[in-house]
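Student: Predicted structure and sequence below. I'll ask about it afterward.
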Amino acid sequence: MKVEPGIDGINLDDPEEGYQNYKWFVYQIKLDVESSIRKQAELGFDDAFDTPLASRDRR
């Protein structure tokens, strides 16, 4: 999970990081493959985290 720029992951259970005191929820939204909202979300993900290695998208 990326919380801060330059930090690629955190351990939610590590007491030294302090995140175990929060309640965490994960939302999954199923979007149509042709959805413009989905395309924007994928572009935003790619901008923040780079394109996944197994991505079928060509750039």
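Tutor: All right, it came through fine.
Student: where are the low-confidence patches of this protein?
Tutor: Low-confidence segments of the chain (pLDDT under 70): 1-4, 8, 58-59.
Student: where exactly do the helices run in it?
Tutor: Under the criterion DSSP state H, the chain carries helices at the ranges 36-49.
Student: residue boundaries of the strands in it?
Tutor: Assigned by DSSP state E, the strands in the chain number zero.
Student: who's in contact with A41?
Tutor: L31 (CB atoms under 8 Å, 6 or more residues apart in numbering). All C-beta spots, glycine's among them, are computed from the backbone N, C-alpha and C.
Student: shift numbering so it begins at 873
Tutor: Done: numbering now begins at 873, and the last item shifts to A913.
Student: Kindly provide the distance from the residue nearest to D885 when sequence neighbours are not counted to V898.
Tutor: Distance criterion CB to CB, 6 or more residues apart in numbering; nearest residue to D885, sequence neighbours excluded, is Q892 at 5.7 Å. According to CB to CB, to the nearest Å, Q892 and V898 sit 16 Å apart.
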